[in-house]
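Enquirer: Give me coordinates for this.
(chains A and B)
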Amino acid sequence: MLARAIAAEWLKLKRKWILALAVIGPLGVVLLQAVNYGLRYDYVMKQNADDPWGGLLQATTGLMLPALFIGLALVASLSAGVEHAAGGWKQLLALPLTRLQVFAAKTLLTLLLLLLSCTLLAVFTLAFGAVLGFSLQELPWPDLLRQSYAPYAAAMPFVALQIGLSLAIGNQAVPMTIGVLGMVVSLFGMLLPDWVPYNWPWLALKAETALRAAAAGLGGGLLLLAAGCMHFTRKDVS
Amino acid sequence: MRRLLSAEWLKLRRSIVWLLLPVSPLIAFAVAWKAPLEAIGGAGWMEAYIISANVHGLMFLPLLVGIFAALLCRFEHASGGWKQLLALPVRPGAVYLSKLAALAGLVALLQLLLGAALLAGGLLRGMDGGVPWAELGRALLGGWVACLPLAALQLWASFAWSSFAAPLVLGTVFTLPNMLVVNSERFAPWYPWAQPLLAMMPRSEEGFGAFNVPAESLFLVIGGSFALFLAAGWLHFRRRAV
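Expert: Next comes the predicted model:
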């Protein structure tokens, strides 16, 4: 049943260019790095002469985190906005599905799309490095994988928050605005104390703190998802 | 025109604009009040201003322009409002210009609030006298002027796409590269989204990167992109089917 509910969600989002967004996000991050490298190749390569992969990975993260923050807000808002727009909730919830299944389908699709984006980022980064002629033997696989997936786990509280807000509030201007402002705050996340969730995606980039940040993110995310789900299952349909 | 503007005011009055306006003024207030500064008094004012203008101009200002523009068009998209508004005995061009004027007014209000918050924070700390009025005023006004092209573009995107998220994504996609662009002496002067920050930075001898480009080239870029975006949005608005 859940699989069919997810398929239905996918059908609704397919026409909203959402897959294109999931591809354009990571592609944009890598393309911007390509411009950066293209314009000042000699300077960048001289700076990272002993560790070209490390330099590339580090340069990518600066743009990856804000892209992740705006992407998660956008996907959550689009997936809920479809129903808010044209009395969709009444129709969807009249089907023989539990509220939990509806919530789970929307959440899982959001998570899958973001996971796809993170995977694509790793692939595009790898491809770009190969194009630049970096040796694949020296590729630091653990770093590449950590950088691609640990921030995703650490940002889970924000995924849960945006899903909850987008479902709870009909006016999608509110969750989108909160998402955009959250992205700006996250840019300065590493200046905040460790316990502030905006710092977790940054902590997830560093080898020493990655595991802790990812675990904290997953835990916090699950808690917030449970809260959002409880609110959604009890909410009146307007 | 005046009555169209007052209609915009009525629609804005109940929206979340009022929660968004204080965001960066609050940062400026906190910086002027509590941040560790090297000097108190004349130079301290500029130091506090530069810190807050960096945060404000790099991201908040260009992004807020996009959010304001999308909010201004939300009512019309939500429930057939375009049909209602354009069925009134007003020229479509006037509707478009009044929306642009409302948007420019909101940005002006934001800049004024930023200045006021900075002054309030500084006075609380006990910085008295030597407020560099001319420099502050010129920088805040420059930031406002530099936002006009972005306002025209975002307004165009906001009425063209009925989704609230789409124009916001457009704004974000072009604002994020600011982080890279402002460090580049060659490209920042030509990049419209970097102009608010560049215009808000006081010109000085020890500026770095693109912060020292001559004002003439800035105004060429700002004026040119404003004319382009305004003309394109205006033509599209007058010709499109409702």
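Enquirer: burial measure for residue 73, as a count.
Expert: No chain specified, so I'll use chain A. Residues lying near A:Ala73 (other Cβ atoms under 10 Å in any protein chain shown) number 30. Just so you know, the C-beta spots here come from the backbone N, C-alpha and C atoms, and that holds for glycine as well.
Enquirer: please go with chain B instead
Expert: Per other Cβ under 10 Å, the neighbour tally for B:Cys73 reads 23.
Enquirer: if you average pLDDT over the longest helix belonging to chain B, what comes out?
Expert: Ranked by residue count, the top helix of chain B under DSSP state H comes out as helix B:92-125. Here helix B:92-125 scores 88 as its mean pLDDT.
Enquirer: buried ones in it?
Expert: Within helix B:92-125, the residues scored as buried using 16 or more other Cβ atoms under 10 Å in any protein chain shown are B:92, B:95-100, B:102-104, B:106-107, B:110-111, B:113-115, B:117-119, B:121-122, B:125.
Enquirer: can you check stretch A:212-220 too?
Expert: By neighbour count on 16+ other Cβ under 10 Å, the buried set for stretch A:212-220 is A:213-214, A:216-217, A:220.
Enquirer: which element follows the longest helix of chain B toward the C-terminus?
Expert: Where DSSP states H and E defines the elements, the next helix or strand beyond helix B:92-125 is helix B:133-160.
Enquirer: rewinding a little: relative orientation of the longest helix of chain B and helix B:133-160 in degrees?
Expert: Counting by axes from the mean of the first three to the mean of the last three Cα atoms, to 10 degrees, helix B:92-125 points 140 degrees away from the direction of helix B:133-160.
Enquirer: mind listing what A:Ala127 touches?
Expert: Residues counted as contacts of A:Ala127 (Cβ atoms under 8 Å, 6 or more residues apart in numbering or on different chains) are A:Val30.
Enquirer: What is the neighbour count of A:Gln91?
Expert: Here the number of neighbours of A:Gln91 (other Cβ under 10 Å) works out to 11.
Enquirer: Okay, the nearest residue to B:Thr175 once chain neighbours are set aside and B:Pro36: tell me how far apart.
Expert: Distance criterion Cβ to Cβ, 6 or more residues apart in numbering or on different chains; nearest residue to B:Thr175, sequence neighbours excluded, is B:Pro62 at 4.5 Å. Distance, B:Pro62 to B:Pro36, by Cβ to Cβ, to the nearest Å: 28 Å.
Enquirer: more crowded one of those two?
Expert: Neighbour totals were compared for B:Pro62 and B:Pro36, and B:Pro62 leads with 26 against 5 (other Cβ under 10 Å).
Enquirer: Around chain B, which positions in chain A sit nearby?
Expert: A:21, A:28, A:32, A:36, A:39, A:62-63, A:66-67, A:70, A:74, A:77-78, A:81, A:172-174, A:176-177, A:180-181, A:183-184, A:187-188 (Cβ under 8 Å from any Cβ of the partner chain).
Enquirer: What's the PyMOL line that selects buried ones from those?
Expert: Buried subset of the residues of chain A next to chain B, written as a PyMOL selection, criterion 16+ other Cβ under 10 Å:
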select buried, chain A and resi 21+28+32+36+62+63+66+67+70+74+77+78+81+172+173+174+176+177+180+181+183+184+187
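Enquirer: circling back to that earlier point, in helices, which of the buried residues of stretch A:212-220 fall?
Expert: Per DSSP H, the subset of these in helices is A:213-214, A:216-217, A:220.
Enquirer: hang on, the earlier thing: ok, of the buried residues of stretch A:212-220, which one's closest to B:Pro202?
Expert: Closest approach to B:Pro202 among the buried residues of stretch A:212-220 (Cβ to Cβ): A:Ala213, at 38.9 Å.
Enquirer: tell me the contacts of that closest one?
Expert: Applying Cβ under 8 Å, 6+ apart, we find A:Ala213 in contact with A:150, A:153-154, A:200-201, A:203-204.
Enquirer: And the furthest pair within the residues you listed?
Expert: Within the contacts of A:Ala213, two members stand farthest from each other by Cβ to Cβ: A:Ala153 and A:Leu203, at 11.3 Å.
Enquirer: which residues in the chain form helices?
Expert: Assuming you mean chain A. Applying DSSP H to chain A gives helices spanning A:2-14, A:18-39, A:41-47, A:52-85, A:88-94, A:99-131, A:141-154, A:156-168, A:173-187, A:200-203, A:210-234.
Enquirer: please go with chain B instead
Expert: B:2-13, B:17-20, B:23-34, B:42-55, B:61-78, B:81-87, B:92-125, B:133-160, B:165-175, B:178-181, B:195-200, B:215-239.
Enquirer: looking at those helices, which is buried most?
Expert: Among those, ranked by average contacts under mean count of other Cβ atoms under 10 Å in any protein chain shown, first place goes to helix B:195-200 (a mean of 28).
Enquirer: contacts for that one?
Expert: Helix B:195-200 has contacts (Cβ under 8 Å, 6+ apart) with B:53-54, B:56-58, B:61-62, B:139-140, B:142-143, B:145-147, B:149-150, B:178, B:182, B:188-189, B:210-211, B:213, B:218, B:221-222.
Enquirer: again with stretch B:43-60
Expert: A:184, A:187-188, B:23-24, B:27-28, B:31-32, B:35, B:37-39, B:114, B:118, B:121-122, B:127, B:130-132, B:135-136, B:139, B:143, B:175, B:178-179, B:182, B:196-202.
Enquirer: ok now that stretch, how far from the chain's centre?
Expert: Remark: stretch B:43-60 is offset 15 Å from the chain centroid, using Cα atoms, centre = their mean, to the nearest Å.
Enquirer: ok, now stretch A:201-217?
Expert: With Cα atoms, centre = their mean, you get 15 Å for stretch A:201-217.
Enquirer: again, but for stretch B:72-88
Expert: The answer for stretch B:72-88 is 24 Å, by Cα atoms, centre = their mean.
Enquirer: for the record, mean pLDDT for that stretch?
Expert: For stretch B:72-88, the mean per-residue pLDDT is 80.
Enquirer: Stretch B:228-242 too?
Expert: On average, the pLDDT along stretch B:228-242 is 84.
Enquirer: cool, stretch A:205-214 as well?
Expert: For stretch A:205-214, the mean pLDDT works out to 87.
Enquirer: Just the terminal-to-terminal distance for that stretch.
Expert: 10 Å (Cα to Cα, to the nearest Å).
Enquirer: which secondary element of chain A has the worst mean pLDDT?
Expert: Taking mean pLDDT, DSSP states H and E as the measure, chain A has helix A:41-47 as its least confident helix or strand, at a mean of 75.
Enquirer: list the buried ones in that helix?
Expert: A:Val44.
Enquirer: What of stretch A:44-61?
Expert: Neighbour count says stretch A:44-61 has A:44, A:52-53, A:55-57, A:59-61 buried, by 16+ other Cβ under 10 Å.
Enquirer: so which of those would you say is closest to chain B?
Expert: When the buried residues of stretch A:44-61 are ranked by distance to chain B (Cβ to the nearest Cβ), A:Ala59 comes first, at 9.1 Å.
Enquirer: Am I right that that closest one is in contact with A:Val35?
Expert: No - using Cβ atoms under 8 Å, A:Ala59 is not in contact with A:Val35, being 11.3 Å away.
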